[in-house]
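In: Below are the sequence and a predicted model for it; my questions follow.
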Amino acid sequence: MLLYKYRGIQSFRFFTDIILKQRLYAAPYFDLNDPMEGRYLYSQSGGSIDQDMKRLLKGEKEKIRICSLSRDPKNELMWSHYAEGHKGVAIGVEVDRNKYEVEPIIYDGLHRVGLHNFHHGSAIDVLSHKLDVWQYEEEERVFVRNNKQYVNVKIREIICGSRMSTQDIGFITELVQKVNPKIEIVNARTNSAYV
C-alpha cells in the first residue's frame, strides 16, 4: 500500500534529498504542527500515574521521531496546506513495515493513560491519537528510535500538483528519469502519467 508525503518544492534541496537518497525526514513530536501533539489525559478509573511514570513517558516520547504520511493522494486540504497550494508534489512511497513501526492515527481525542494501560509502548499510544479536527489527513505515522532521523522508503510515484508550472514539471521529470526511471510522474489534475 502506498502512503503519501505532501511536499513543497521551493526548498528544492529537501525534495532532491528525498529523490536521491530514497528517505523521508522524521521529526521529534514537539516539532510537529499540532499544538496538542504528545499530550494525554490521566485516567482516574485505572488509577492515576505517578511522577516516575510521567517522567518515563516524557523520556520515551523524546526518544521517538515521527514521519507523517497520508493514505490519500487526492486530498485538497493536504495539497493546500502541505504542498505549496497545489504547486508541490505528493510522493507515493512504500515503507517496509517489517523494519519500521507504522501506525494509523486514531482520531478520538487525547489518549487516556492510567495504571491499567501503562506499558513500554505507551509513548507510541499517546503519539497515535489526535483530535478529530485532523481526521481529513488520513495519517499514518512511521516511528523511529535510536537517534535515527530518516525513514528509508521506496518511491513509486510523484504526483505533480495541479498548479505546478510547466518548467517545474519538466525539471522534476528530467531529474527523476536520471535518478530512477521506474518512478512514475503523475499529473494531479488528470491523474495520468507524464510521458
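Out: Here it is on my side, so go on. Numbering: from 1, shown residues only.
In: Paired strands for the least confident helix or strand in the chain by mean pLDDT, with orientation please.
Out: In the chain, the helix or strand scored least confidently by mean pLDDT, DSSP states H and E is strand 192-193, which has a mean of 73. The strands beside strand 192-193 in its sheet (DSSP bridges) come out as strand 184-187 (antiparallel).
In: The spatially most central residue of the chain: what's it in contact with?
Out: When CA atoms, centre = their mean is applied to the chain, the residue found nearest the centroid is S68 (1.2 Å). Going by CB atoms under 8 Å, 6 or more residues apart in numbering, S68 touches 32, 137, 139, 141. Every C-beta, even on glycine, is put in place using the N, C-alpha and C of the backbone.
In: taking these one by one, which sit in strands?
Out: Assignment to strands by DSSP state E places the following of those there: 139, 141.
In: among the contacts of S68, which two are most distant?
Out: L32 and E137 (11.4 Å; CB to CB).
In: With neighbour numbers in mind, choose between those two.
Out: E137 (22 against 16; other CB atoms under 10 Å).
In: D168 is in what secondary structure piece?
Out: Using DSSP states H and E, D168 sits within helix 166-179.
In: how far does that helix sit from the chain's center?
Out: Mean-position distance between helix 166-179 and its chain equals 24 Å (CA atoms, centre = their mean, to the nearest Å).
In: mind checking pLDDT for E140?
Out: Note for E140: predicted pLDDT of 98.
In: Quick check: it touching D72?
Out: No: in this structure, E140 is not within contact of D72 by CB atoms under 8 Å, at 10.5 Å.
In: Remind me which helix or strand the residue nearest to the centre of the chain belongs to.
Out: Following DSSP H and E, one finds S68 within strand 65-70.
In: ditto for E60
Out: Using DSSP H and E, the element containing E60 is helix 51-63.
In: Could you pull out the strands in the chain for me?
Out: Applying DSSP E to the chain gives strands spanning 3-7, 23-25, 27-28, 40-42, 65-70, 89-94, 101-104, 111-113, 139-144, 150-152, 154-160, 184-187, 192-193.
In: Redo the ones you listed as JSON lines? Include distance to K130.
Out: Shown next, in JSON lines, are the strands of the chain (distance: least, CB to CB, whole Å):
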{"stretch": "strand 3-7", "distance to K130": "17"}
{"stretch": "strand 23-25", "distance to K130": "19"}
{"stretch": "strand 27-28", "distance to K130": "15"}
{"stretch": "strand 40-42", "distance to K130": "12"}
{"stretch": "strand 65-70", "distance to K130": "10"}
{"stretch": "strand 89-94", "distance to K130": "20"}
{"stretch": "strand 101-104", "distance to K130": "11"}
{"stretch": "strand 111-113", "distance to K130": "9"}
{"stretch": "strand 139-144", "distance to K130": "8"}
{"stretch": "strand 150-152", "distance to K130": "19"}
{"stretch": "strand 154-160", "distance to K130": "24"}
{"stretch": "strand 184-187", "distance to K130": "28"}
{"stretch": "strand 192-193", "distance to K130": "34"}
